[in-house]
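>>> Here's a sequence, model it:
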Amino acid sequence: MTILLINYEYPPIGAGAANATYYMAKSFVELGNEVVVLTAGFQDKVGYELENGVHVYRVSSQRKKASSSSVIEMLSYLWHAKKQLKTIIQKHQIEKAIIFFSIPCGFLGSVLLKKYKIPYIISLRGGDVPGMEKGISSIHKIITPFRRNILDKALAIVANSKGLALASEKVDPFKVSVVPNGVDVNFFMPVEKTQNTYFKFLFVGRFQEQKNLEVVLQTFATTFKDQSFYLTLVGDGPLKEGLVKKAKELCIENQLNWLPWQTKLGLKKCYQDADCLINFSLYEGMPNVVMEAMACGLPIIASNIMGHDELIEDGENGFLVNLNDKQGFADAFKKIAADEELRKKMSRNNRVKVEENYSWHKVAESYLSLLKS
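Modelled structure (predicted):
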């Protein structure tokens, strides 16, 4: 089968959905399919490349940052991607498509079906489901008829967690299938740790409101005044400047290490060098970062939200803490840092869990089954 994957984010830009697109494309190829990716260009990375057997087309867009995209930049991508569709379809004889994000990319699915008779699957990722991201709730109200038309015409609608599927079915009258994200367990894996003189917490992701990073910094500051505890924050985003300022106000700037977006190898080293991953997000789908950290044997401290609750069993492979329970976050910090045997147990449990339950080949096979239906 020849499959077109459409996502305005694809490495080196974007985060979880970009990585999911990358690994699904790779797995589809390994399972004997031809795969084409239509995504946004960034800086001088524009045009066609053959990457790991995947045909990647990066169209011109006005994207300024790897970590985020404005509405204007999304519209720019859609405009240029739509113009590229005919060439891609004719050259590669596209049979089916998977569209990541009902909004904005779902528009291209409508074009595929109406103009070229190519069926598509919509892969929901979180922010494209009303109610998940409060900052865009007014936009969702305006575009509801358009979004529902896209979902109605889809061959299937897929969410990467049960919680996200339920959230979508609550606001839009369409059945949603669940296919969880995967993780490359042959790449992300534990290493024997050397005895560090200090304890390392790790955060990986966009510096935006969703990630609740001000609470992370406040909790860290009130819990660890001791210089033997450090927090590494990997990523970028619109809140970074304010967060750096907040760290200085809290007098913890010397305990923080700010790193830019990493290559996959660099990210793996960050996981392997850390002692615990923290993710206090306000909402998630099925976070790749958490799954990658689990594969590397890291205990997890996470907010008790959908997506997290499908990965973390409280006390067994990490801690789940209610969003409004700041003391609970502080207590989880202390328990993880103080109990080496508990960390070892959680590390083993996490590695076993991802090996047994999550692989990108399983994800790809599930999508293939839906496409063939």
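>>> ok so residue 86 is a helix residue?
Yes - counting by DSSP: H, G, I helix; E, B strand; the rest coil, residue 86 is part of a helix.
>>> Spatially nearest residue to it, not counting backbone neighbours?
Leaving aside its chain neighbours, residue 86 sits nearest to residue 116 (7.9 Å; criterion: Cβ to Cβ, 6 or more residues apart in numbering). In short, each C-beta sits where N, CA and C put it, glycine included.
>>> Could you report the neighbour count for that neighbour?
Applying other Cβ atoms under 10 Å, we find 13 residues neighbouring residue 116.
>>> who's in contact with it?
The contact partners of residue 116, by Cβ atoms under 8 Å, 6 or more residues apart in numbering, come to 85, 86, 89, 94.
>>> I'd say residue 153 and residue 112 touch.
No - the criterion here is Cβ atoms under 8 Å, and residue 153 misses it with residue 112 at 9.8 Å.
>>> of these two, who's got more company?
Under the neighbour definition other Cβ under 10 Å, residue 153 and residue 112 were set side by side, and residue 112 has more, 23 against 16.
>>> Tell me the spacing between the more buried one and residue 120.
Going from residue 112 to residue 120 by Cβ to Cβ, to the nearest Å gives 6 Å.
>>> Check residue 83 too.
Separation of residue 83 from residue 120 (Cβ to Cβ): 18 Å.
>>> Next: residue 17.
Residue 17 is 16 Å from residue 120, where distance means Cβ to Cβ.
>>> Residue 280 now?
From residue 280 to residue 120 the distance is 34 Å (Cβ to Cβ).
>>> of the two, who's got more company?
Using other Cβ under 10 Å as the criterion, residue 280 and residue 120 rank with residue 120 on top: 25 against 21.
>>> anything in contact with each of residue 153 and residue 112?
With Cβ under 8 Å, 6+ apart as the test, residue 153 and residue 112 both reach residue 120.
>>> any weak-confidence spans in the stretch 1-150 of the chain?
The model of the stretch 1-150 of the chain has pLDDT under 70 over residues 134-137.
>>> now the helices: where do they sit in the stretch 101-250 of the chain?
For the stretch 101-250 of the chain, the helices defined by DSSP state H, counting those that start in this stretch occupy 106-116, 137-153, 162-171, 213-223, 240-249.
>>> Out of those, flag the one nearest residue 71.
helix 137-153 (8.5 Å; Cβ to Cβ).
>>> so what secondary structure elements neighbour that closest one?
If you count contacts as 3 or more Cβ pairs under 8 Å, 6 or more residues apart in numbering; DSSP states H and E, helix 137-153 packs onto helix 106-116, strand 120-123.
>>> Now do the strand or helix carrying residue 336: which elements does it pack against?
Assigned by DSSP states H and E, residue 336 belongs to helix 326-338. Packing contacts for helix 326-338, counted by 3+ Cβ pairs under 8 Å, 6+ apart, involve helix 213-223, strand 300-303, strand 318-321, helix 340-357.
>>> now do 6 Å
Helices and strands touching helix 326-338, by 3 or more Cβ pairs under 6 Å, 6 or more residues apart in numbering; DSSP states H and E, are helix 213-223, strand 318-321.
>>> chain center to it: distance?
When C-alpha coordinates are averaged (Cα atoms, centre = their mean, to the nearest Å), helix 326-338 and its chain have centres 25 Å apart.
>>> With stretch 351-370 instead?
Mean-position distance between stretch 351-370 and its chain equals 16 Å (Cα atoms, centre = their mean).
>>> mind exporting it as CSV, just the C-alpha atoms?
C-alpha atoms of stretch 351-370 as CSV (Å, rounded to 0.1, in the frame of the first residue of the first chain):
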residue,chain,number,x,y,z
ARG,A,351,11.2,-1.1,31.0
VAL,A,352,9.0,-4.3,31.2
LYS,A,353,5.8,-2.3,30.6
VAL,A,354,7.0,-0.7,27.4
GLU,A,355,8.6,-3.9,26.0
GLU,A,356,5.4,-5.9,26.6
ASN,A,357,2.8,-3.3,25.5
TYR,A,358,4.1,-0.6,23.2
SER,A,359,6.0,-0.8,19.9
TRP,A,360,5.7,1.3,16.8
HIS,A,361,5.2,-1.9,14.7
LYS,A,362,2.1,-2.6,16.7
VAL,A,363,0.9,0.9,16.1
ALA,A,364,1.6,0.7,12.4
GLU,A,365,-0.2,-2.7,12.1
SER,A,366,-3.3,-1.2,13.9
TYR,A,367,-3.4,1.7,11.5
LEU,A,368,-2.9,-0.6,8.5
SER,A,369,-5.9,-2.7,9.7
LEU,A,370,-8.1,0.4,9.8
